[in-house]
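Chemist: Need coordinates for the following:
(one chain, ligands or ions: 1)
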Amino acid sequence: MTALVLDPIYKAHETAWDHPESPERLDAIEDAFRQSGLLDRVSRLSPQPAPLEQITRAHDRAYAEEILRTIADGEPWLAGGDVSVCRRSGEIALLAAGGAIAAVDAVLSGRAANAFCAVRPPGHHATADEAMGFCIFNNVAVAARYAQKVHGIERVAILDWDVHHGNGTQDIFYSDGTVLFCSTHQSPWYPGTGAATECGVGPGEGLTINRPFGAGAAMPEIGGAFVDDFLPAVRAFRPGLILISAGFDSRVGDPLGEFRLTDADFATLTRAVLDTAQSVCDGRVVSVLEGGYSLPGLATAATAHLIELYGGHTSRVK
Ligand code: ZN
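Modeler: Sure thing, here's the model as predicted:
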């Protein structure tokens, strides 16, 4: 059984007019999931706000308290204009991290084989003490820490196929020997980090793997990085849980990226991750939405991803 976090509450995080990270992204995903026939077959999870003590396992307490206060005060832009928010955005950001936590609970308790979290705001640009790139709290980082501290999972792998580098996730785990972070991303591109030479330090040395590619990169480059570098590293690392930072702005036609992955490519990547997960951690995968800004592209790519998580083939679904 695949679990799904998809809740209208996430639309209450309202961003500025014409902002690409819009509530309509969730409508596009929900409509496509419904049309696929999957919406009634997956196990729906109800997200709760992540408690501050879970947030502060990935973020500085001073940062978390200050950003929630700033948002509640009505400040419309955070991080010098990098993050557009409304007064409810703090609450919704806690719910986004809480959605990832609910999915970790479902998968690690065995109630679900895997899970997809269609949450927003996204998270992978949020560092330990900074909001940036539409992100407030780092949902996958909070989920990884939660799996470790609450479920006793020793090692967690995070695979990030968003077109942008997951600088926040890298920042949080850069010197951590218990979390493997692997990212494909466009370079040069926002946020400017993620060189192949950024490999982690101290106990984390070798546990950050960056594969930057130029505009136009597609499955030969991105799939190659997964098959040749990331998945062998995951097998060697033997994590108890695999998280995916599932950004669909690496799909062809996205307005904020110049990669050329197709819906079929996301299905292939998903299957490859699931196969590896099967061999190292009983198939336990929790996927968390990051970017994806073409509404039709996001809808079809996320659906291809969910179909693969659910079990492989549309014919089995319809
Ligand atoms: Zn992105």
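Chemist: For S43, which residues count as its bridge partners?
Modeler: Counting by DSSP bridges, S43 is bridged to A3.
Chemist: which residues touch it?
Modeler: Neighbour list for S43: M1, T2, A3, L4, A106, R111, A112 [criterion: CB atoms under 8 Å, 6 or more residues apart in numbering]. Backbone N, C-alpha and C define where each C-beta goes, glycine included.
Chemist: Any figure for the gap between it and the ion?
Modeler: 27 Å (CB to the ion, to the nearest Å).
Chemist: repeat for L26
Modeler: L26 is 16 Å from the ion, where distance means CB to the ion.
Chemist: Regarding that residue, which helix or strand does it belong to?
Modeler: helix 24-36 (DSSP states H and E).
Chemist: what about the residue lying closest to L6 once chain neighbours are set aside, how many neighbours?
Modeler: Distance criterion CB to CB, 6 or more residues apart in numbering; nearest residue to L6, sequence neighbours excluded, is A118 at 4.4 Å. When counting by other CB atoms under 10 Å, one arrives at 24 neighbours for A118.
Chemist: Pull the contacting residues for A118.
Modeler: Contacts of A118 (CB under 8 Å, 6+ apart): L4, V5, L6, Y10, L26, I29, E30, L289, A302.
Chemist: can you tell me how far it sits from S245?
Modeler: Look at A118 and S245: by CB to CB, to the nearest Å, they are 13 Å apart.
Chemist: My read is that I101 contacts A144, right?
Modeler: No - contact between I101 and A144 fails when scored by CB atoms under 8 Å: they sit 10.6 Å apart.
Chemist: re earlier: between the contacts of A118, which sits nearest the ion?
Modeler: L289 (10.4 Å; CB to the ion).
Chemist: what's the helix or strand for whichever residue of the stretch 51-200 of the chain sits closest to the ion?
Modeler: Per CB to the ion, H164 is where the stretch 51-200 of the chain lies closest to the ion, at 3.6 Å. For H164, there is no host helix or strand (DSSP H and E).
Chemist: Looking at the chain, which residue is nearest the ion?
Modeler: For the chain, CB to the ion, closest residue to the ion: G291, 2.8 Å.
Chemist: So what does that residue look like in phi/psi?
Modeler: phi -90, psi -170 (degrees, to the nearest 10).
Chemist: Quick check: the gap between it and A106.
Modeler: In terms of CB to CB, G291 sits 24 Å off from A106.
Chemist: more crowded one of those two?
Modeler: Shown here are G291 and A106; by other CB under 10 Å, G291 has more neighbours (28 against 22).
Chemist: The more buried one touches S245, doesn't it?
Modeler: No - using CB under 8 Å, G291 is not in contact with S245, being 9.2 Å away.
Chemist: So what does D282 look like in phi/psi?
Modeler: According to degrees, to the nearest 10, D282 has phi 60, psi 30.
Chemist: count of residues packed around it?
Modeler: When neighbours are counted by other CB under 10 Å, D282 registers 13.
Chemist: Kindly report the same for G90.
Modeler: 21.
Chemist: That one: which element?
Modeler: helix 89-108.
Chemist: Does that helix pack against any helices or strands, and if so which?
Modeler: Contact partners of helix 89-108 among helices and strands, from 3 or more CB pairs under 8 Å, 6 or more residues apart in numbering; DSSP states H and E: strand 2-5, helix 52-55, helix 61-72, strand 114-117, helix 139-151, strand 241-246, strand 285-289.
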